[in-house]
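Student: just coords:
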(Lines give C-alpha, C1' and ligand atoms only; values in the text may rest on other atoms or scores of the structure.)
Protein backbone atom coordinates (compact mmCIF):
# COMPACT_ATOMS: atom_id res chain seq x y z
CA UNK A 1 0.00 0.00 0.00
CA UNK A 2 1.18 3.49 -0.81
CA UNK A 3 2.01 5.24 2.53
CA UNK A 4 0.89 8.63 1.20
CA UNK A 5 -2.55 7.25 0.33
CA UNK A 6 -3.48 7.24 4.03
CA UNK A 7 -2.75 10.94 4.60
CA UNK A 8 -6.29 11.90 3.79
CA UNK A 9 -7.75 15.12 2.49
CA UNK A 10 -7.22 18.72 3.52
CA UNK A 11 -9.02 21.91 2.48
CA UNK A 12 -6.63 24.84 2.10
CA UNK A 13 -7.30 28.55 1.68
CA UNK A 14 -6.31 30.49 -1.40
CA UNK A 15 -4.97 33.98 -0.70
CA UNK A 16 -5.89 37.09 -2.66
CA UNK A 17 -2.59 36.56 -4.53
CA UNK A 18 -3.70 33.02 -5.53
CA UNK A 19 -1.24 31.43 -3.07
CA UNK A 20 -1.78 28.25 -1.06
CA UNK A 21 0.14 26.58 1.74
CA UNK A 22 0.93 22.89 1.34
CA UNK A 23 -0.04 21.09 4.55
CA UNK A 24 3.10 20.00 6.40
CA UNK A 25 2.27 16.29 6.43
CA UNK A 26 1.82 16.33 2.63
CA UNK A 27 4.95 18.44 2.12
CA UNK A 28 7.14 15.98 4.02
CA UNK A 29 5.48 12.79 2.76
CA UNK A 30 6.01 13.82 -0.86
CA UNK A 31 9.52 15.21 -0.30
CA UNK A 32 8.88 18.71 -1.62
CA UNK A 33 11.95 20.94 -1.77
CA UNK A 34 11.97 24.47 -3.15
CA UNK A 35 9.84 24.03 -6.28
CA UNK A 36 6.52 22.46 -7.20
CA UNK A 37 5.16 21.41 -10.56
CA UNK A 38 1.55 22.30 -11.43
CA UNK A 39 -0.40 20.30 -14.00
CA UNK A 40 -3.92 20.68 -15.28
CA UNK A 41 -5.25 17.14 -15.74
CA UNK A 42 -8.85 16.07 -16.33
CA UNK A 43 -10.25 19.26 -14.80
CA UNK A 44 -8.03 19.05 -11.70
CA UNK A 45 -4.97 20.96 -10.59
CA UNK A 46 -2.21 18.52 -9.68
CA UNK A 47 0.57 19.87 -7.49
CA UNK A 48 3.63 17.68 -7.07
CA UNK A 49 7.31 18.05 -6.21
CA UNK A 50 9.36 19.34 -9.10
CA UNK A 51 11.60 16.66 -10.55
CA UNK A 52 14.82 17.33 -12.45
CA UNK A 53 14.70 17.25 -16.23
CA UNK A 54 15.82 13.99 -17.80
CA UNK A 55 19.24 15.51 -18.51
CA UNK A 56 19.62 16.24 -14.77
CA UNK A 57 18.34 12.88 -13.57
CA UNK A 58 21.62 10.92 -13.20
CA UNK A 59 19.66 7.71 -12.45
CA UNK A 60 21.94 5.49 -14.52
CA UNK A 61 25.06 6.93 -12.90
CA UNK A 62 23.62 6.54 -9.41
CA UNK A 63 22.55 2.94 -10.07
CA UNK A 64 25.95 2.06 -11.54
CA UNK A 65 27.71 3.39 -8.43
CA UNK A 66 25.38 1.54 -6.07
CA UNK A 67 25.70 -1.75 -7.95
CA UNK A 68 29.51 -1.31 -7.96
CA UNK A 69 29.25 -0.88 -4.18
CA UNK A 70 27.59 -4.29 -4.05
CA UNK A 71 24.06 -3.20 -3.19
CA UNK A 72 21.01 -5.11 -4.37
CA UNK A 73 17.33 -5.64 -3.59
CA UNK A 74 15.63 -3.40 -1.07
CA UNK A 75 18.95 -2.00 0.10
CA UNK A 76 19.72 -0.86 -3.46
CA UNK A 77 16.28 0.73 -3.84
CA UNK A 78 16.55 2.62 -0.53
CA UNK A 79 20.05 3.90 -1.31
CA UNK A 80 18.98 4.92 -4.84
CA UNK A 81 16.02 6.92 -3.54
CA UNK A 82 18.19 8.64 -0.92
CA UNK A 83 20.87 9.66 -3.42
CA UNK A 84 18.43 10.67 -6.15
CA UNK A 85 16.55 12.93 -3.71
CA UNK A 86 19.72 15.01 -3.24
CA UNK A 87 20.35 15.71 -6.94
CA UNK A 88 17.96 18.65 -7.37
CA UNK A 89 19.27 20.60 -4.39
CA UNK A 90 22.89 19.89 -5.41
CA UNK A 91 22.23 21.25 -8.91
CA UNK A 92 20.50 24.32 -7.45
CA UNK A 93 23.56 24.93 -5.22
CA UNK A 94 25.91 24.59 -8.21
CA UNK A 95 23.80 27.08 -10.20
CA UNK A 96 23.88 29.53 -7.31
CA UNK A 97 27.68 29.13 -7.05
CA UNK A 98 28.03 29.70 -10.80
CA UNK A 99 25.91 32.86 -10.61
CA UNK A 100 28.09 34.22 -7.78
CA UNK A 101 31.25 33.41 -9.74
CA UNK A 102 29.82 35.13 -12.84
CA UNK A 103 29.22 38.26 -10.76
CA UNK A 104 32.74 38.07 -9.31
CA UNK A 105 31.33 37.43 -5.83
CA UNK A 106 33.20 34.16 -5.26
CA UNK A 107 36.18 32.12 -6.39
CA UNK A 108 35.79 30.15 -9.59
CA UNK A 109 37.65 27.46 -11.52
CA UNK A 110 38.43 27.39 -15.21
CA UNK A 111 37.23 24.54 -17.44
CA UNK A 112 40.83 23.28 -17.65
CA UNK A 113 41.04 23.15 -13.85
CA UNK A 114 37.80 21.17 -13.66
CA UNK A 115 38.15 18.86 -16.66
CA UNK A 116 41.92 18.86 -17.25
CA UNK A 117 43.70 20.06 -20.33
CA UNK A 118 42.91 18.65 -23.78
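Tutor: Cool, the structure landed. Nothing here was measured: the structure is a model prediction, and the numbers come from that model.

Student: give me the residues contacting stretch 98-107.
Tutor: If you take CB atoms under 8 Å, 6 or more residues apart in numbering as the criterion, stretch 98-107 is touched by 97, 108. C-beta here means a position set from N, CA and C on the backbone, and glycine is covered the same way.

Student: distance between the ends of that stretch?
Tutor: End-to-end distance for stretch 98-107: 10 Å, by CA to CA, to the nearest Å.

Student: then stretch 19-34?
Tutor: Per CA to CA, the first residue of stretch 19-34 is 15 Å away from its last.

Student: so which residue is dead centre in this protein?
Tutor: residue 88 (3.7 Å; CA atoms, centre = their mean).

Student: secondary structure class of that one, three-state.
Tutor: helix (DSSP: H, G, I helix; E, B strand; the rest coil).

Student: pLDDT score assigned to it?
Tutor: According to the prediction, residue 88 has pLDDT 77.

Student: same thing with residue 4?
Tutor: 54.

Student: residue 88 reaches residue 37, doesn't it?
Tutor: No. Assessed by CB atoms under 8 Å, residue 88 is found out of contact with residue 37, at 11.6 Å.

Student: overlap in contacts of those two?
Tutor: 50-51.

Student: domain map for this structure?
Tutor: Listed domain ranges for the chain are 9-49, 54-107 (source: automatic domain parsing).

Student: what ranges in the chain fall below the confidence cut-off?
Tutor: Scanning the chain with the threshold set as pLDDT under 70 gives 1-6, 52-56, 117-118.

Student: cutoff 50 now
Tutor: 1 (pLDDT under 50).

Student: quick one, strands of it?
Tutor: 36-41, 44-49 (DSSP state E).

Student: out of those, the one nearest residue 9 is which?
Tutor: strand 44-49 (13.3 Å; CB to CB).

Student: mind listing what's buried in the closest one?
Tutor: residue 49 (16 or more other CB atoms under 10 Å).

Student: pairing partners for that strand, with directions?
Tutor: Under the criterion DSSP bridges, strand 44-49 sits next to strand 36-41 (antiparallel) in its sheet.

Student: and the strand it pairs with, how far from the chain's centre?
Tutor: 16 Å (CA atoms, centre = their mean, to the nearest Å).
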